[in-house]
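Enquirer: give me the fold of what follows.
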Amino acid sequence: MKQWTLTFLLAGAVLVFPAHAFDVNDCIINGMKGVSSDVAARLVRVACDQKLKIFKEQESTKLAAIYGDTINPELIVPASSFEFVTMRIHSLKFTNKTDMTLLYVRIEVAPASAPGAPCDPEKVRIFAYKTTVKPGAAVNLVYPAATSSECVVATVARGRTSSWKDVSFSTSIKPEEKDPLSGLD
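Expert: Sure, this is the predicted structure:
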């Protein structure tokens with residue numbers, strides 16, 4: 001009987017606290033149960049913010065093993081402005097000017113009314129790419145077009161020390177469906 005009770009309690013804990021995500025709002029709501037003073041409520045908020053910080057640090061450490069360390073995105077130099085591939089697809093060629101192998105790039109794309117016109121910052125779209133680009137190599141980042149004229153900038157880049165084993169798999173890369181580093185960088 002004790003073993004069944006323990007199993008039931010452990011199963012309940014897994015349902016209440018999923019290991020894959022931390023939601024600060026859920027932490028606060030759960031922590032506020034039975035709280036009746038402002039001081040205690042503030043302490044719950046501080047504790048949940050600290051838990052979120054720890055969660056992000058742990059996730060960043062895990063993702064660094066996969067995507068490497070942060071690289072200055074300005075060192076991932078656009079070889080040219082975006083290329084009009086079709087009415088629905090644009091491509092941006094980037095060159096890795098670092099001494100590291102590039103493993104991840106996030107770009108922001110904003111529409112413009114015409115070439116040379118200011119871009120609309122309210123309509124920015126974000127695309128993330130998992131890749132392998134050796135130092136000095138180039139890659140085409142392909143993304144769905146919103147308009148015929150767009151402004152594109154790399155906002156996050158990650159990589160690791162280059163190795164002779166590194167192989168660039170493709171010259172054109174589609175964006176990931178979900179940005180694995182969203183909210184962590």
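Enquirer: which of the helices and strands in this structure ranks last by mean pLDDT?
Expert: Of all helical and strand segments in the chain, the minimum by mean pLDDT, DSSP states H and E falls on helix 2-16, at a mean of 33.
Enquirer: mind listing what's buried in whichever helix or strand comes after that helix?
Expert: Counting by DSSP states H and E, the element after helix 2-16 in chain order, helix or strand, is helix 24-31. Of all the residues in helix 24-31, those buried under the rule 16 or more other CB atoms under 10 Å are 27, 31. Every C-beta, even on glycine, is put in place using the N, C-alpha and C of the backbone.
Enquirer: could you give the separation of the helix or strand following helix 24-31 from the chain centroid?
Expert: With elements assigned by DSSP H and E, the helix or strand that comes after helix 24-31 is helix 38-67. Here helix 38-67 is found 17 Å from its chain centre; the criterion is CA atoms, centre = their mean, to the nearest Å.
Enquirer: what's the average pLDDT for helix 38-67?
Expert: The average pLDDT within helix 38-67 is 85.
Enquirer: now do stretch 131-138
Expert: In this model, stretch 131-138 has an average pLDDT of 87.
Enquirer: one more: stretch 76-85?
Expert: pLDDT averaged over stretch 76-85 gives 58.
Enquirer: can you count the residues close to the residue nearest to R160 when sequence neighbours are not counted?
Expert: Spatial nearest neighbour of R160, chain neighbours left out: G68 (3.6 Å); criterion: CB to CB, 6 or more residues apart in numbering. By the criterion of other CB atoms under 10 Å, G68 has 18 neighbours.
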